[in-house]
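Trainee: Sequence and predicted model, in that order:
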Amino acid sequence: MRLKDKVCVVTGCGAGIGKAIAKRFAEEGAIVVCSSRRELTGKPVSEEINRASGEAIFVKCDISIEKDVINLFDTAMKKFGRIDVLVNNAGVNFDKPFLETEVEDFDRVINVDLRGTFLCTKRAIAEMVAGSREGSIINITSVHTLQCMPGAAPYDAAKWGVVGMTKSLAVEFAAKGIRINALSPGLIATQIWDDILNAAPDKDSCIEYWNNNIPAGRPGTALEVANAALFLASDESKYFNGSNVLIDGGMTSQLVSKPEFNSDAIEGTKR
């Protein structure tokens, strides 16, 4: 088992990627501290892990609220005495034309996606350093950290900020054996994908558009992201530090959108 007896804090565990990561880590022997701001969705994940003969606890936490983060880590330390892995997965999505974006919109996204990651990371590193323990921190970001779309300025600002923080901390704490990496998913079949479909005038056209513009031909799955997170959490990735690992089915490698026509072959000839 790749995470046997490691204490892993996973934020935003109530659904989608966070839920898949919590369950996958437990399958590999981790003790999972499941965190979500919604007990209704988060607590059942810890209960499911325990029913499957794993070990997990649930702690309600809104990562944008400092006292919640303090309680999350105080509870984990009191129960288990250490932190080995932190997955900063909790976050909010955002899509609105820039000139319609209010200051309150910007603050909400930054407070959760960037400030919340800062609060959790600071406490996790402090516990790792105090215990003279090596550790791995995985920040779930987005392909928006490489390429952007209109209408996502606060989200992009937050996620780019997380990558910058990831790289700075990776350099600062590498000598202590603490690795910090970003994991950037593309389009994944979670609630965000459902939101995109529900916002589209025609769902079938929306699905066709995205499938045509992802070289893999489909959205990814939460389990595929969880497997990548497992690698970054495990000792198999000991030499990964400060990386922004893309898991996007080739999305960010594609130069432009796939055309809706087939061109004739263009064969290089001398002029």
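Mentor: Ah, there it is.
Trainee: what sits against E236?
Mentor: With contacts taken as Cβ atoms under 8 Å, 6 or more residues apart in numbering, E236 has the following neighbours: R2. Yep, even glycine has a C-beta here, placed from its N, CA and C like the rest.
Trainee: Which strands border the strand of greatest length in the chain, and is each parallel or antiparallel?
Mentor: Using DSSP state E to define each element, the chain has its longest strand at strand 178-185. For strand 178-185, sheet partners with direction are given as strand 135-140 (parallel), strand 244-247 (parallel), following DSSP bridges.
Trainee: Need the single longest helix in the protein, by residues.
Mentor: With residue count as the measure and DSSP state H as the assignment, the chain has helix 153-173 as its longest helix.
Trainee: Now do the contacts for V225.
Mentor: If you count contacts by Cβ under 8 Å, 6+ apart, then V225 has 17, 20-21, 140, 183, 185, 188, 247 around it.
Trainee: ugh, typo on my part, it should be F58
Mentor: Contact criterion Cβ under 8 Å, 6+ apart gives 34-36, 39, 42-43, 45-47 as the residues in contact with F58.
Trainee: tell me the mean pLDDT for the helix or strand harbouring it?
Mentor: Taking DSSP states H and E as the definition, F58 sits inside strand 55-60. If you average the pLDDT over strand 55-60, you get 98.
Trainee: Could you number the chain from 387 rather than 1 from now on?
Mentor: Done: numbering now begins at 387, and the last item shifts to strand 441-446.
Trainee: immediately after that strand, which helix or strand?
Mentor: If you walk from strand 441-446 toward the C-terminus, the next helix or strand you reach (DSSP H and E) is helix 452-466.
Trainee: what residues does that following helix touch?
Mentor: When contacts are defined by Cβ under 8 Å, 6+ apart, helix 452-466 is touched by residues 393, 395, 397, 417, 419, 421, 423, 443, 445-449, 469, 502, 505-506, 509-510, 513.
Trainee: pLDDT-wise, which helix or strand of this protein ranks last?
Mentor: The element with the least model confidence among the helices and strands of the chain, by mean pLDDT, DSSP states H and E, is helix 577-585, at a mean of 86.
Trainee: List the buried residues of the next helix or strand after it.
Mentor: Following helix 577-585 in sequence order, the next helix or strand is helix 589-598 (DSSP H and E). Along helix 589-598, these residues count as buried under the neighbour rule (16 or more other Cβ atoms under 10 Å): 592-593, 596.
Trainee: Between helix 577-585 and helix 589-598, find me the angle.
Mentor: 130 degrees (axes from the mean of the first three to the mean of the last three Cα atoms, to 10 degrees).
Trainee: per-residue confidence averaged over helix 589-598?
Mentor: 91.
Trainee: Packing partners of it?
Mentor: Secondary structure elements in contact with helix 589-598, counted by 3 or more Cβ pairs under 8 Å, 6 or more residues apart in numbering; DSSP states H and E, are helix 577-585.
Trainee: name the helices or strands packed onto the helix it packs on?
Mentor: Using 3+ Cβ pairs under 8 Å, 6+ apart as the contact definition, the elements that helix 577-585 packs against are helix 589-598.
Trainee: any idea how far the helix it packs on is from the chain center?
Mentor: For helix 589-598, the separation from the chain centroid amounts to 24 Å (computed by Cα atoms, centre = their mean, to the nearest Å).
Trainee: for stretch 425-440, same thing?
Mentor: Once both centres are worked out by Cα atoms, centre = their mean, stretch 425-440 turns out to sit 20 Å from its chain's centre.
Trainee: And for stretch 642-657?
Mentor: Using Cα atoms, centre = their mean, the mean C-alpha position of stretch 642-657 is found 37 Å from that of the whole chain.
Trainee: With just CA atoms, put that stretch into PDB.
Mentor: These are the backbone C-alpha positions of stretch 642-657, laid out as PDB (Å, rounded to 0.1, in the frame of the first residue of the first chain):
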ATOM      1  CA  VAL A 642      -6.500  26.000 -31.500                       C
ATOM      2  CA  SER A 643     -10.100  24.600 -31.500                       C
ATOM      3  CA  LYS A 644     -10.600  21.600 -33.800                       C
ATOM      4  CA  PRO A 645     -12.100  22.900 -37.100                       C
ATOM      5  CA  GLU A 646     -15.500  21.700 -38.200                       C
ATOM      6  CA  PHE A 647     -14.200  20.600 -41.600                       C
ATOM      7  CA  ASN A 648     -11.500  18.300 -43.000                       C
ATOM      8  CA  SER A 649      -8.700  20.000 -44.900                       C
ATOM      9  CA  ASP A 650      -6.800  18.500 -47.800                       C
ATOM     10  CA  ALA A 651      -3.300  17.200 -47.000                       C
ATOM     11  CA  ILE A 652      -0.600  19.900 -47.000                       C
ATOM     12  CA  GLU A 653       2.700  18.400 -48.000                       C
ATOM     13  CA  GLY A 654       5.800  20.500 -47.700                       C
ATOM     14  CA  THR A 655       7.300  21.400 -51.100                       C
ATOM     15  CA  LYS A 656      10.200  23.400 -52.100                       C
ATOM     16  CA  ARG A 657       9.500  26.900 -53.300                       C
END
